[in-house]
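Participant: The sequence and its predicted three-dimensional model are supplied below.
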Amino acid sequence: MLLEFEVENFRSFADPVSFSMIASSDRSHADHLIAVEGSRDRLMRSASIYGANASGKSNLVMAMGMLQTLVLRSHLAQFGEPMPFFPFKFGKPGELISTHYRAVFLADGVEYEYSLRHDAARVLEESLYHFPKNRKAIIFERAEGRELRAPQDDGTLRAIADKTLPNALLLSKAVQDNHASAIPAFKWFQERLMVILNINSMVVEERALARMQQDERFRTQLLKALQMADLGIVDVRGKVVRMDQDEMDKIPPEIQEQMKGMVNGRIEQWRRLEIKTVHQVVDEDGTAVQSEMDFHAEESLGTQKVLAVVALILEAVEAGKLLVLDEMDLRLHPLIARFLVEVMNDPEQNRLNAQFVFTTHNTGLFDLDLFRRDQIWFVEKDARGRSVLYSLSDFKVRKDLRVQKAYEVGRFGAIPFVRGGKVVE
């Protein structure tokens, strides 16, 4: 479970911002909270993030995904290979020279804190702490030009650090060398964190299809949710098909280049999904009949989105994962979006304490009957192009205030300032 995430100098987040899933003293919706054993802190099951277009909401999701990618893949870096580095673009020369990430999370019931600072060429600082018995203890501290600090190390972690390239993370390298102290934190990034930027990607659909074929319980729950969403779908069938040369030749050259990039240029790995949905309708005689539809060619983009989001939420709920989703409500009916949030907030359905963080423009979800104040967040960009992050709990809000209307008229900021006037003369 996530407690806190911080980022500095990543895309529009020039200054440090902190996102927290730790509950405030707000007493509303106590069932939306997760009790943490041995701690006074309670964690939220879900959080929504609002903001105008281009405010930086997606950049917060990207930052979480980038840290995950660095943790999972930096051990593959070659000597001298640049690190993924996306600093703020509009600062003064030399003002912002490194990106900083910090994540605090629970892994195997123990709190961990991981911090990373790097530039385009190398890791500048890296640290991993844990809190056994609620006391902070160092696993390692690494900084450029300084000796590794690892008080509990028997020498093996130091030996691994000596072999770690300047552009690689010690957390990643230590796990590849099977160092026990690093494994729980690494596995949280690997197995408990799902960051989804493109909900309609083939990867998401293929993941859902595989789960349906391997797990009958997952399949049953997915179909039940689709029926509850009133899509008319009673079954989903599909398979992964490798594309032959004739099919690939029909793809426009510019799309081929994009696909090469997606699969590392290995054309023989190109594949597509054949998904069919089964609808049950009533014919003129009143008899129930079933009809099959091509998922991508005949179903709406909204229906495709519902299936993908439902599959991801079920995966998170079944395994107690953190799902971070950009533009959750895009192409979703507001009532379906609300229904999915209610699933995550319900402790009877969300028994393994999954968490759901999403960006949205859906003001219909801006509702204190659905969320606590600390579950609603905002991203706003200032005149210098810098994004700031803050919560509704930072404001004094009366219980009888119509918060949706208050947001729409700009009381909490994080809305577009649309200038009137004629576009077409």
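Facilitator: In hand now; what should we look at?
Participant: Could you chop the protein up by domain?
Facilitator: The record's domain parsing of the chain by automatic domain parsing lists 1-197+326-425, 201-318.
Participant: Now do stretch 14-29, average pLDDT.
Facilitator: Averaging pLDDT along stretch 14-29 yields 96.
Participant: hang on, I meant stretch 395-402
Facilitator: Mean pLDDT, stretch 395-402: 88.
Participant: Can you check the distance spanned by that stretch, start to finish?
Facilitator: End-to-end distance of stretch 395-402 (C-alpha to C-alpha, to the nearest Å): 14 Å.
Participant: Could you shift the numbering so residue one becomes 74, and keep it that way?
Facilitator: With the count now opening at 74, the last piece we talked about shows up as stretch 468-475.
Participant: who touches it?
Facilitator: Contact partners of stretch 468-475, identified using C-beta atoms under 8 Å, 6 or more residues apart in numbering, comprise L441, R446, V476, A479, R484, F485. The C-beta positions use only the backbone N, C-alpha and C, and glycine is treated the same way.
Participant: Dump the domains of the chain into JSON lines; add mean neighbour count as well.
Facilitator: Converted to JSON lines, the domains of the chain look like this (neighbours: other C-beta atoms under 10 Å):
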{"stretch": "domain 74-270+399-498", "mean neighbour count": "17"}
{"stretch": "domain 274-391", "mean neighbour count": "15"}
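Participant: Which of those comes out lowest on mean pLDDT?
Facilitator: domain 274-391 (a mean of 82).
Participant: Quick one: distance of that one to the chain centre.
Facilitator: Taking C-alpha atoms, centre = their mean, to the nearest Å, one finds domain 274-391 lying 21 Å from the centre of the chain it belongs to.
Participant: how far away is E110 from G494?
Facilitator: To G494, E110 is 58 Å away according to C-beta to C-beta, to the nearest Å.
Participant: Now do the strands in the stretch 74-223 of the chain.
Facilitator: For the stretch 74-223 of the chain, the strands defined by DSSP state E, counting those that start in this stretch occupy 75-81, 90-93, 106-108, 115-117, 119-123, 172-180, 183-191, 196-203, 210-216.
Participant: OK, contacts around L396?
Facilitator: M267, I269, L385, I386, E388, A389, A427, Q428, F429, V430, F431.
Participant: Then Y187?
Facilitator: By C-beta under 8 Å, 6+ apart, the contact list for Y187 reads V144, R175, A176, V177, F178, S200, L201, Y202, L244, A258.
Participant: Could you find the closest non-adjacent residue to the last one?
Facilitator: Using C-beta to C-beta, 6 or more residues apart in numbering and skipping the chain neighbours, the partner closest in space to A258 is Y185 (4.8 Å).
Participant: was I right about the one you found contacting I256?
Facilitator: No: in this structure, Y185 is not within contact of I256 by C-beta atoms under 8 Å, at 11.2 Å.
Participant: And S245, its phi and psi?
Facilitator: With angles defined as degrees, to the nearest 10, S245 sits at phi -70, psi -50.
Participant: swap in T432?
Facilitator: The phi/psi pair for T432 (degrees, to the nearest 10) is phi -90, psi 150.
Participant: Quick check: bridge partners of it?
Facilitator: Beta-bridge partners of T432, counted by DSSP bridges, are I122.
Participant: Pretty sure Q477 sits in a helix.
Facilitator: Yes: under DSSP: H, G, I helix; E, B strand; the rest coil, Q477 sits within a helix.
Participant: how far away is the nearest residue to it once chain neighbours are set aside from S119?
Facilitator: The spatial neighbour of Q477 that comes closest, neighbours along the chain excluded (C-beta to C-beta, 6+ apart), is F439 at 4.4 Å. Distance of F439 to S119, computed by C-beta to C-beta: 14 Å.
Participant: Give me the common contacts of the two.
Facilitator: With C-beta under 8 Å, 6+ apart, F439 and S119 have no common neighbours.
Participant: Now do the helices for the protein: every range, in order, please.
Facilitator: Using DSSP state H, the helices of the chain run over 130-146, 229-236, 243-249, 256-260, 275-287, 289-301, 318-322, 326-335, 368-371, 374-392, 407-418, 476-481.
Participant: out of these, nearest to M74?
Facilitator: Checking the helices of the chain against M74 by C-beta to C-beta gives helix 374-392 as the closest, at 11.3 Å.
Participant: which other helices and strands contact that closest one?
Facilitator: Counting by 3 or more C-beta pairs under 8 Å, 6 or more residues apart in numbering; DSSP states H and E, the packing neighbours recorded for helix 374-392 are strand 266-269, helix 275-287, helix 289-301, strand 306-315, helix 368-371, strand 395-398, helix 407-418, strand 428-432.
Participant: Now render the ones you listed as TSV, adding distance to K472.
Facilitator: Listed next are the helices and strands packed on helix 374-392 as TSV, based on distance: least, C-beta to C-beta, whole Å:
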stretch	distance to K472
strand 266-269	34
helix 275-287	39
helix 289-301	31
strand 306-315	40
helix 368-371	45
strand 395-398	29
helix 407-418	19
strand 428-432	25
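Participant: can you tell me which of those comes nearest to A87?
Facilitator: Evaluated over the helices and strands packed on helix 374-392, closeness to A87 peaks at strand 428-432, with 19.3 Å, by C-beta to C-beta.
Participant: residues making contact with the closest one?
Facilitator: Strand 428-432 has contacts (C-beta under 8 Å, 6+ apart) with 74-75, 92, 94, 107, 116-124, 130-131, 133-134, 386, 389, 394-402, 414, 417.
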